[in-house]
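Asker: got a sequence here, can you model it:
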Amino acid sequence: MSKVILVTGANTGIGFELVRLLAQKGHIVYLAARNESAGREAVTKLVKEKLNVKFVLLDVTSASTIKEAKSLIEQNEGKLDVLVNNAGVAQMDKDQNATTIDVSVIRETVEVNLFGLVQTTTTLLPLLRASSQAVILNVTTDMASNSKQAEPDSSLHFVAYNTSKAAANSYTIALAHELRKEGIKVNAVTPGFTSTKLNFFGQGGKSVRQGAEILLPWALLGKDGPTGLFIDENGKEMAW
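Answerer: Prediction:
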């Protein structure tokens, strides 16, 4: 059965490839981006591949664009089966050391990675509740695992990024608990180290397609799928 799916921050990188993979499986996919020209260009590429992909303007830091996106999907589809909260920023080019970081860097990162995710989710929740098989997939990072970061030999302590994603993980836990009784599946999944614009295309990472393939089954969970989990790149449960 074809599903109606929305992927945020999807004009490039893992989000774009995930849209492609989902559409290739016959689903109706809304590619959401905050940059209209970049988003429409991305959709044009996929439409040329004869995929059922539609553009929607959505900036997770702008309540008005989220509401407008909700109205558009509601008018066209009447529901939303899957929300993939993929949009995010890292600001890894700025000082992210715990003792010297400028609080503005944390504030800007949290605005997108936490507040934007919460705002998008709560606004679109009525459309998800109209589905009989709703799924919320929050794209996270293994660096958001407090357990992993607390290990004596841990590294990569990007304070703004890791803190914002750890907070989003905490929200994921609360959301999963609250929606469990409604049958809505909520999970946080990390694709692992993937070479993207987020990390300045760091060497040695997965391709964006490989990263998207890790997320794919969690976006397409069935009614009997798990909920409230933090999943690593190998499909195994991680410690929060």
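Asker: tell me the contacts of the residue nearest the centre of the chain?
Answerer: A centroid search over the chain (Cα atoms, centre = their mean) returns residue 86, at 2.1 Å, as the residue closest to the centre. Residue 86 is in contact with 7-10, 14-15, 18, 139, counting by Cβ atoms under 8 Å, 6 or more residues apart in numbering. Placement of C-beta: from N, CA and C, glycine included.
Asker: tell me which two of those sit farthest apart.
Answerer: The most widely separated members of those, counting by Cβ to Cβ, are 8 and 14 (11.5 Å).
Asker: for the chain, what are the low-confidence residue spans?
Answerer: Within the chain, the ranges that satisfy pLDDT under 70 run 195-202, 204-205.
Asker: select the longest helix from it.
Answerer: In the chain, assigned by DSSP state H, the helix with the most residues is helix 159-179.
Asker: what are the ranges of the strands in the protein?
Answerer: Counting by DSSP state E, the chain has strands at residues 4-7, 28-33, 53-57, 82-85, 135-139, 185-189, 230-231.
Asker: distance of residue 222 from residue 144?
Answerer: Using Cβ to Cβ, to the nearest Å, residue 222 is found at 26 Å from residue 144.
Asker: compare those two (neighbour count), which wins?
Answerer: Neighbours were counted for residue 222 and for residue 144 using other Cβ atoms under 10 Å; residue 144 has more, 25 against 8.
Asker: that one against residue 169, yeah?
Answerer: Yes. Under the criterion of Cβ atoms under 8 Å, residue 144 makes contact with residue 169 at 5.1 Å.
Asker: mind listing the shared neighbours of the two?
Answerer: Counting by Cβ under 8 Å, 6+ apart, the shared contacts of residue 144 and residue 169 are residue 188.
Asker: spatially nearest residue to residue 102 (excluding sequence neighbours)?
Answerer: Spatially, and ignoring its direct neighbours in sequence, residue 102 is nearest to residue 95 (6.9 Å; Cβ to Cβ, 6 or more residues apart in numbering).
Asker: could you verify my assumption that that neighbour touches residue 105?
Answerer: Yes. Using Cβ under 8 Å, residue 95 makes contact with residue 105 at a distance of 7.3 Å.
Asker: so for those two, which sits in the more crowded spot?
Answerer: residue 105 (17 against 12).
Asker: that one touches residue 98, doesn't it?
Answerer: No. Contact criterion Cβ under 8 Å: residue 105 and residue 98 do not qualify, at 12.0 Å.
Asker: do you know how far residue 213 is from residue 83?
Answerer: Using Cβ to Cβ, residue 213 is found at 19 Å from residue 83.
Asker: and if you look at residue 150?
Answerer: Distance of residue 150 to residue 83, given as Cβ to Cβ: 30 Å.
Asker: who's more crowded, these two?
Answerer: With neighbours defined as other Cβ under 10 Å, residue 150 and residue 83 compare such that residue 83 has more, 29 against 9.
Asker: report how many residues lie close to residue 129.
Answerer: The number of residues packed near residue 129 is 14, by other Cβ under 10 Å.
Asker: skipping adjacent residues, who's closest to it in space?
Answerer: Once flanking residues are discounted, residue 129 sits nearest to residue 182: 6.8 Å by Cβ to Cβ, 6+ apart.
Asker: and the one you found, how many residues sit next to it?
Answerer: Counted by other Cβ under 10 Å, the residues lying close to residue 182 total 10.
Asker: residue 161 versus that one, what's the distance?
Answerer: Remark: distance between residue 182 and residue 161 (Cβ to Cβ) = 31 Å.
Asker: now residue 112, nearest residue through space, not along the chain?
Answerer: Distances taken as Cβ to Cβ, 6+ apart place residue 89 nearest to residue 112, at 4.8 Å, with adjacent residues excluded.
Asker: that neighbour against residue 108, yeah?
Answerer: Yes. Between residue 89 and residue 108 there is a contact at 7.3 Å, judged by Cβ under 8 Å.
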